[in-house]
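[1] Next input, structure requested:
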Amino acid sequence: MIPEDAGVQVHQDETVRARICVRGIVQGVGFRPFVFRIAASRGLSGWVRNDPDGVWIEAEAPVSRLRAFLKDLRESAPHLAKIDDVSFDEIPTEGSERFEILESRAGTATTLILPDVATCPLCVADISAPGNRRYRYPFTNCTNCGPRYTIIEALPWDRPSTSMKHFPMCEECRTEYDDPYDRRFHAQPNACRFCGPQLALWDADGGELSTRNDALLQVAEIILLGGIVAVKGLGGFHLLADARRDETIRRLREVKAREEKPFALMVPSLGAADQICHLSNLETRLLTSPEAPIVLLQRRRWSGSVSVQVAPGNPRLGVMLPYTPLHHLLMSELGRPVVATSGNRKDEPIATDEREALERLRGIADFFLVHDRPIVRHVDDSVVMVSDGREVVLRRSRGYAPRPVAKGPATAILAVGAHQKNAVAISYAGKIFLSQHIGDLETPEAVEAFHATTRSLQSLYRQEPVAIARDAHPNYGSTIESRRLGLPAIEVQHHHAHVVSCMAEHELDGTVLGVAFDGSGWGPDGTVWGGEILRATRADFERVARLRTFPLPGGERAVREPRRAALGALFEMRGEAAFDEPVIASAFTPEELTALHHVVPNPNFSPRTSSAGRLFDAVAFLAGLRAKCSFEGQAAMELEWSIEAAEPSVEPWTFVLEDGDPAVLDWAPILESVLRARAAGESLSVISSRFHSTLAAAIAALAVRVGEPRVVLTGGCFQNRVLTERAAGRLRAAGLEVFTHAAVPPNDGGIAVGQLVVAARRVEGGRT
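    Next comes the predicted model:
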């Protein structure tokens, strides 16, 4: 029988007509032909249509057939579909005799947009088969794969609303597009070599050298000879270079001003990934998933097929498989790993237009492989890792955005995120949608990308936010730019937003204990926060504990100089005697030390911080790692990497918890232990392992002292797999329930979600 909650009151053999609305990810995934096929197989009449509200169906049949149809609808949907809700109403029968697929209808948008999806095996087979009319065609797709978010301009999901509107289909493609039994039925990017986008190879001045397959073959030859090629892909340009060539990668680092930060790799196959990295079952599934992200993997020590210049000193490699037909064809020609890094300059968004790329990547790329399908919005590659036995998204972009990440308010609110790793979020229809990664708001190009993304989200869903949620830091780029949007603003403290972002992801309400460890965030007390233990709800928080504060010599300069963080921490412990420590005296020139004698005690030049990120930097330096970094967090990352071979059961050092309001975790005994261990000749591996275990034990001790049964671990420091797993293990051993990030990044890339939820709760409470 039709489900009782469907609202359709019928007898078993009576013919009825039902109006059905299916909401969720149901457009661009072959849902209408799926409905058509199951309706035809069950002998139903009626129709199915895309609507901005979802997919609408009218189905007429005897109850037994309609019942079977509804069961198929729920249980056999296309694998890319995600059904959130199915509603039913009984309507008068019409006596119709056939089932049809109707044209889409425009209106207010509340359906979900699908992310870009990696090429499916059937399309890979098409481009690989010499007899197929799509043989070696680099823009092949079907309803199971291909571009979505990067080409859509408006809802509903129809070709005239995408950048494929510029390419009229040939007769054969139109026949596929119109056939409900074809897997390319209403595949909006459907095309072939006779009617679709085409490749061209340009020199550095934009002169055309070759086109189509010749261009692709020539690019492969250029890369194998040591050239750097800017390739226009799905959501922007990649810079591709042979990953085996030390001299090429060194040149790429020089021209891209990327001294040591790791480059991502694209490899031809899963087997190639297994040759250079260790793969767990979950990591294998992530590499081969429709999202096809960059996965951080443990490299094999014997992997000589990758230059050490790709990820200097890093035991991990960021690896991805080909995810478009263009990449599949190119990688099959190359047959080896290539560096595939974003096509941009430092702190700029990825380039999307070929003429723009010529200017912005001048002096970086030797050649440009372009195509004539416009990219509507920039979308970088996503980055994920496996931590604590689950997938953790570190950079949420291609394959993931703009799927909803959490339940949200019915009220439309725009959250503008943080200054670094910026991403914005919007709410509507009870869901929160987190944008693709935008980046650090350090350049005019990044700021423009920020505004373009906020406009795009509002335009796609036709939403006018009632308020803006933003960080309390007055000088964040996102805060400054939000003032130009002319909407009421709700300021949310940085670490509270971190905690609530994880609460929202796990649908937690009530009170939790949030451990928010990161680099920095604006503190209401005038200090730089970053090592916070908060008793938090979705609306408010209480700071129940923190790390002991210390001066940060030079403020922002200390972010790239762990020696400064170490000096500030030792000065907090020993005063002027800190300057006499051999490890400090040897790290600075006499002129620097003279200046620092005046800088460190002066709060105008050395703000006080409770930052866990800077504590990691200080320990890394004191343990014998670097004095300066070429990118933020490098020293802390190297501290984590150094313990890959250490015993996880290593005993923690002594730590001190001081009572107070808030309580204070005094790290001074920990730093003393680091200095003693190094003086005694203990290995860096053991020192680092004991530090991580000590911090994990201190987190657990604080949590037990506070007494909240649910603990959230959040903030950029919990990208550290060792810290996360050891802290979570100790908390669980103490009988506490632990929540960590998965779909929402633990770093500032997920903070907009927390901002939005806090703002919504305050709006609901009338506290704007």
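
[2] From Trp522, how far out is Pro474?
    Counting by CB to CB, to the nearest Å, the gap from Pro474 to Trp522 is 8 Å. Every residue, glycine included, has its C-beta placed from N, CA and C.

[3] the more surrounded of these two?
    Neighbours were tallied for Pro474 and for Trp522 using other CB atoms under 10 Å; the higher tally belongs to Trp522 (19 against 11).

[4] residue contacts, that one?
    Trp522 is in contact with 471-474, 493-494, 528-529, counting by CB atoms under 8 Å, 6 or more residues apart in numbering.

[5] Glu725 too?
    Contact partners of Glu725, counting by CB under 8 Å, 6+ apart, are 387-388.

[6] Any chance of the backbone angles for the residue lying closest to Lys165 once chain neighbours are set aside?
    Taking CB to CB, 6 or more residues apart in numbering, and ignoring the residues beside it in sequence, Lys165 has Arg159 as its nearest neighbour in space, at 5.9 Å. Comment: the main-chain dihedrals of Arg159 come out as phi -50, psi -40, following degrees, to the nearest 10.

[7] Same question for Arg65.
    Phi and psi for Arg65, reported as degrees, to the nearest 10, are phi -70, psi -40.

[8] thought it was touching Ser45?
    No. When contacts are counted by CB atoms under 8 Å, Arg65 is not listed as touching Ser45 (10.3 Å).

[9] Tell me which of those two has more neighbours.
    Ser45 (20 against 17).

[10] Against Ser478, how distant is that one?
    Here Ser45 is placed at a distance of 53 Å from Ser478 (CB to CB).

[11] Correct me if wrong: the residue nearest to Lys165 contacts Ala187.
    No. Counting by CB under 8 Å, Arg159 sits too far from Ala187 to count as a contact (9.2 Å).

[12] Look at those two and report which has more neighbours.
    When neighbours are counted by other CB under 10 Å, Arg159 and Ala187 differ, and Ala187 comes out ahead with 23 against 18.

[13] What residues does the more buried one make contact with?
    Counted by CB under 8 Å, 6+ apart, Ala187 has contacts 30, 141-143, 146, 176-177.

[14] Regarding it, what is its secondary structure?
    Here Ala187 is recorded as coil under DSSP: H, G, I helix; E, B strand; the rest coil.

[15] Would you show me how to pick out the buried ones of the contacts of Trp522 in ChimeraX?
    Below is the selection syntax for ChimeraX that covers the buried ones among these, with 16 or more other CB atoms under 10 Å defining burial:
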select :471,472,473,493,494,528,529
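
[16] now the contacts of Trp522 as a markdown table including distance to Cys21, secondary structure and pLDDT?
    Shown next, in a markdown table, are these (distance: CB to CB, whole Å; DSSP: H, G, I helix; E, B strand; the rest coil; pLDDT from 0 to 100):
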| residue | distance to Cys21 | secondary structure | pLDDT |
| --- | --- | --- | --- |
| Asp471 | 38 | strand | 96 |
| Ala472 | 41 | coil | 94 |
| His473 | 43 | coil | 94 |
| Pro474 | 45 | coil | 92 |
| Gln493 | 40 | coil | 97 |
| His494 | 40 | helix | 97 |
| Val528 | 50 | strand | 93 |
| Trp529 | 46 | strand | 96 |
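
[17] returning to what we had before: Ser693: which of the contacts of Ala187 is nearest?
    Top of the list for closeness to Ser693, among those and by CB to CB, is Gly146 at 47.1 Å.

[18] Neighbours of the closest one, how many?
    Using other CB under 10 Å, Gly146 has 28 other residues around it.

[19] Begin at 28 from now on, thanks
    With 28 as the first residue, the last one maps to Gly173.

[20] and it, what pLDDT?
    pLDDT for Gly173: 95.

[21] That one touches Leu149, doesn't it?
    No. With contact defined as CB under 8 Å, Gly173 does not count as touching Leu149 (11.6 Å).

[22] so what sits against both of those two?
    Contact criterion CB under 8 Å, 6+ apart; residues shared by Gly173 and Leu149: none found.

[23] So in the protein, where's the weakest helix or strand by average pLDDT?
    strand 109-118 (a mean of 86; mean pLDDT, DSSP states H and E).

[24] Show me what secondary structure element comes after that one.
    Downstream of strand 109-118, the next assigned helix or strand under DSSP states H and E is strand 126-128.
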